[in-house]
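**Student:** sequence plus predicted model, see below.
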Amino acid sequence: MVAVAAPRQLPRLWHRYKQALVVGGIVLAWLVLWLLLRNFGTLPLDASELTPLHRWINSVNDAVGASRNSNPVFLYFFNEIRLVIDEFVRFVQALVAQPSFGRPVPVIGWLGVVGIAGFVSFVVAGWRVALLAVAGFVFLGLQGLWQESMDTLSLTLAAVVISLLFGIPLGIWAGLSDRANRVMQPVLDFMQTMPTFVYLAPLTLFFLIGPASATIATLVYAAPPAIRITAHAIRSVPHNTVEASESLGATRWQTLVKVLLPSARKTIVLGVNQTIMAALSMVTIAALIDAPGLGKTVVKALQTLDVGTAFNAGLAIVVLAIVLDRVTTAATERRTLPRWALFGGLGITAVTVYFSYTYLWAAEFPADVEFGSSIRKGATAVTEWAQDSLTLITGGFKDFVTFALINPLQALLAQSPWFLVALVIVVLSFLIGGLRSAFVSAVCVGVLVATGLWQDSMITLASTLVATIMVMVLGVVVGVWMGRSRRADRIIRPVLDAGQVMPAFVYLVPFLALFAASRFTAIIAAVVFAAPVAIKIIADGVRAVSPATVEASTALGSSSWQTIVKVQLPMARGALTLAANQGLIYVLSMVVVGGLVGAGALGYDVVAGFSQSNLYGKGLAAGVAIVVLGVMLDRLTQAAAKRWTN
Amino acid sequence: MARHSVLGAVLVGALALAGCGGAKVGDSSAGAAGDCGTFNLAVNPWVGYEANAAVLAYVAEKELKCKVTKKELKEEVAWQGFGTGEVDAVVENWGHDDLRKKYIDEQKTAVSAGSTGVKGQIGWYVPPWLAKEHPDILDWNNLNKYADQFKTSESGDKGQLLDGDPSFVTNDEALVKNLNLNYKVVYGGSETALIQAFRQAEKDKKWVIGYFYSPQWLLNEVKLEKVKLPEYKAGCDADAEKVACDYPDYDLDKIVSKKFADANGPAFNLVKNFKWTNQDQNTVAKYIAEDKMKPEEAAKKWVEANADKIKAWTAKA
């Protein structure tokens, strides 16, 4: 096979070779000019310095705040939205989490919630997953975090329900109409990459402190996956199916309901899954504006650097995430249950709910059986051991990566004159994606300059690139391993889930001890969060390579190494490019967390803007800069992917 | 057949459990609230504040029979809550002249409710081992001598001055420039980053100099030493770019919403009269941070040992 294809590939190879030469030439020219023009025109801005734009945003923010109590938009529009959402969340909380209706306990106690969780999982996902759900929920109680978990669950479910209520119709619309899709894309990009810290304080101005603000903060981040994936699902229904339906005289509505939605169902459920995960990853941030639940436990524990307590609460979030993930994933398969099982399950559930309504032992999780304290002690012990014994090695590793990789890249990006970097970016974009890409990049560069935060943007860009490289290395190594071995997949996957939803600060406390407050610590935090996504995508891609091809290669006497490098990876290149793209976006979403552990630059600007009102405008501008970096890198990787996979 | 047996089993199980059911919900009910009404207390995210809030909440609940709602918020959001009517009191405020101007002078939604009696100090600190081995480091004039020792991967060829939580006002960049120090300000970005750095520094005898403040629970554990900067004189920090003097001492005070003050209820009276010392706050903060007590328990322990102080706070004006 390889031998036959070779001659036809020659011209293409030559073309690639030429292109590599051109890119090499550009980089060389850049280096030379860097030597000559270093530290000239770098557009720096001190931490406390502001531009007129930042001051203007401040004044707008102040004016809005001052008019809050007289402005009709506030009184009649935002207040109404707030009321509806507040009532909805409080209702769910009253059901499962908070003392309500004059009772000292919620309407449904722990036994009833476990019963319902088990039954629902049983119906939509089968008995194995139901067992997992029951075990998971009981685990939350045993951790001594029942009420906190239920508060988090209430808020998450409310945010997810509202996200889907708007997200699925919008997704369908974007799936059916190209124009709607084009308008929605940038809005969704904005919602996903704009750091939450930027809009957290204004949200409480619009929707007051309480469940409504927390829910809205969560759904801004959680709704986009539902919209995107629904649109994608509708678009991927084969054309001839739709045409067949239309030629049979079906109306548009009938086609939608009878053909499009059923065929897209599986993918749409995946969107629901992603929305739930995204909502859970917001738990700690929402706690900063008084969102009830596990996030508060984490935030509070971290004030005294109590890693044990924070880890215990973080683990509860992970358990919730894994249960909800497995249930929704399994729900993509259609299943029918025998009637006796359905009614039997319903009966048992009704009984558990009744008990938990009536009896104290079934309402409040018994406090004397728990292993939360053991988890706390264990986590503290492990952290202390790591901090005591690994610092020398980790410190050396940090210094090595910083001097070998981060510093040179940062010097090149942040010490070159801005117009030089801008020129390089636009020319490279042209080579990758033609005029269109060059235009998009030029606009993005222009906005970065306008934010007044060019140099900070370049420092953040350097760290982002280093983090993405590390994510891809990990993604390929672990992803190939998981793609080739089912057992590895089964063991590693829960660890990846944990990496995605464990609140970052839980592991950042020991990381700060190991790597000190530095850019490297920020990069590691981003890698922990972004690598799981890349690994999962690559693992699925490698697994999707047809077994016949792999067998053929093995039969021809290729070693495992050859099979991976010559067959599996090239055939999974669609997955590789997707992984790089998603890896980048996820890394960028950690820029602000990086600002909390020593990354400085844009991340710190956003954090400072959240903490000091006179820096608010600068924080917002930094948020915009992060979004713009995200859009630029996203479009570039997509264009590169298109070239490479065609 | 199968269906009947399942339903039967469920019923039998239900009856069996109901027989040994135990205490029913609502058997014992809690007491009702008094005439104080609801007291919305902001809780900012640091332990010293938590100590103030815990004691105030405990007294308001137990002595005045208020219904206390604690709201965990960052400072900016808490102040914003004065205007929207969602926050009644902030009970440890560190300066924040910008917020004062905006909410007290301009929007007139907040008013000061006097000092908490706690003195706040901001400055540059070094770990105790360093102060002991090189006592002259506690004078800023000698800092350049040691700059090389403070180099890190982040500060390049200069010494690193670690800054922390951006919630606190910092003049450090200007100070470094105006005092001609061979240092670079590196932004740790959070209190967590600062605490870890100082802890590690003391344990492994590492060179760290950074921005910190007292009262802070860490000082009970690691007795950081303050570096002497040129003395603060009123007005020497007026121009942010020309600052070349130490930070002023802060008289940490209480801010309440205008509405809350005008209503002049028992909770406001309590907040207004609340006054204790750094020592008092440190005691409660230690209960919370080191002894890992719940804030309510910590407050109870302190209140029971200090009944006379409580009496002064709850006395009618």
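**Tutor:** The structure has been received and is ready for your questions.
**Student:** and residue 142, what is it in contact with?
**Tutor:** As the question left the chain open, I've gone with chain A. Shown in contact with A:L142 (CB atoms under 8 Å, 6 or more residues apart in numbering or on different chains): A:369-372. Where C-beta positions appear, they are placed from N, C-alpha and C, glycine not excepted.
**Student:** can you look at chain B instead?
**Tutor:** B:N142 makes contact with B:D136, according to CB under 8 Å, 6+ apart.
**Student:** distance check, it against B:P230.
**Tutor:** B:N142 sits at a distance of 14 Å from B:P230 (criterion: CB to CB, to the nearest Å).
**Student:** now swap in B:W313 and tell me
**Tutor:** Going from B:W313 to B:P230 by CB to CB gives 39 Å.
**Student:** neighbour count for those two, which is higher?
**Tutor:** Higher neighbour count among B:W313 and B:P230: B:W313, with 20 against 15, using other CB atoms under 10 Å in any protein chain shown.
**Student:** roughly how far does the more buried one sit from B:A298?
**Tutor:** Separation of B:W313 from B:A298 (CB to CB): 17 Å.
**Student:** likewise for A:A411?
**Tutor:** Distance of A:A411 to B:A298, given as CB to CB: 50 Å.
**Student:** same deal with A:R38?
**Tutor:** On the measure of CB to CB, A:R38 and B:A298 end up 56 Å apart.
**Student:** between these two, which one's more packed in?
**Tutor:** The residue with more neighbours, out of A:R38 and B:A298, is B:A298; 24 against 13, by other CB under 10 Å.
**Student:** does anything pack onto the lengthiest strand in chain B? Which helices or strands?
**Tutor:** Ranked by number of residues, the top strand in chain B under DSSP state E is strand B:110-126. Judged by 3 or more CB pairs under 8 Å, 6 or more residues apart in numbering or on different chains; DSSP states H and E, the packing partners of strand B:110-126 are helix B:47-62, strand B:89-93, strand B:209-214, strand B:225-226, strand B:250-257, helix B:258-263, helix B:266-273, helix B:278-289.
**Student:** what do you get if the cut-off is 6 Å, keeping everything else the same?
**Tutor:** Strand B:110-126 sits against strand B:209-214, strand B:225-226, strand B:250-257, with contacts defined as 3 or more CB pairs under 6 Å, 6 or more residues apart in numbering or on different chains; DSSP states H and E.
**Student:** buried ones in the helix or strand following it?
**Tutor:** Using DSSP states H and E, the helix or strand that directly follows strand B:110-126 along the chain is helix B:128-133. Within helix B:128-133, the residues scored as buried using 16 or more other CB atoms under 10 Å in any protein chain shown are B:129-131.
**Student:** go on, stretch B:210-222?
**Tutor:** Buried, per 16+ other CB under 10 Å, within stretch B:210-222: B:210-219, B:222.
**Student:** in stretch B:83-99, what's buried?
**Tutor:** Buried residues in stretch B:83-99, counted by 16+ other CB under 10 Å: B:83-84, B:86-96, B:98-99.
**Student:** give the next helix or strand downstream of the least confident helix or strand in chain B by mean pLDDT.
**Tutor:** Sorting the helices and strands of chain B by mean pLDDT, DSSP states H and E puts helix B:2-19 at the bottom, at a mean of 48. Sequence order places strand B:38-43 as the next helix or strand after helix B:2-19, per DSSP H and E.
**Student:** can I get stretch B:283-291 in PDB, CA atoms only?
**Tutor:** In PDB, the C-alpha atoms belonging to stretch B:283-291 read as follows (Å, rounded to 0.1, in the frame of the first residue of the first chain):
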ATOM      1  CA  THR B 283      -7.100  34.200  69.300                       C
ATOM      2  CA  VAL B 284     -10.200  33.500  67.300                       C
ATOM      3  CA  ALA B 285      -8.300  33.300  64.000                       C
ATOM      4  CA  LYS B 286      -6.100  30.700  65.600                       C
ATOM      5  CA  TYR B 287      -9.100  28.600  66.700                       C
ATOM      6  CA  ILE B 288     -10.300  28.700  63.100                       C
ATOM      7  CA  ALA B 289      -7.100  28.300  61.100                       C
ATOM      8  CA  GLU B 290      -4.900  26.100  63.300                       C
ATOM      9  CA  ASP B 291      -7.300  24.300  65.600                       C
END
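**Student:** most proximal residue of the stretch 101-250 of chain A with respect to chain B?
**Tutor:** A:I209 (4.7 Å; CB to the nearest CB).
**Student:** report the secondary structure state of that residue.
**Tutor:** coil (DSSP: H, G, I helix; E, B strand; the rest coil).
**Student:** please name whichever of the helices and strands packed on strand B:110-126 is nearest to A:W253.
**Tutor:** Nearest of the helices and strands packed on strand B:110-126 to A:W253, taken as CB to CB: strand B:250-257 at 53.4 Å.
**Student:** list the helices and strands that closest one packs on?
**Tutor:** Here strand B:250-257 touches strand B:89-93, strand B:110-126, going by 3+ CB pairs under 6 Å, 6+ apart.
**Student:** give me the distance from the first one to the chain's centre.
**Tutor:** Read it as strand B:89-93. 9 Å (CA atoms, centre = their mean, to the nearest Å).
**Student:** I'd like the average pLDDT over that strand.
**Tutor:** Strand B:89-93 shows a mean pLDDT of 93.
**Student:** how about stretch A:495-509?
**Tutor:** Averaging pLDDT along stretch A:495-509 gives 87.
**Student:** run the contact check for stretch A:376-387 versus chain B.
**Tutor:** No. Using CB under 6 Å from any CB of the partner chain, stretch A:376-387 never reaches chain B; the gap is at least 7.6 Å.
**Student:** what's the answer for stretch A:570-590, then?
**Tutor:** No. Stretch A:570-590 does not reach chain B (CB under 6 Å from any CB); its nearest approach is 12.9 Å.
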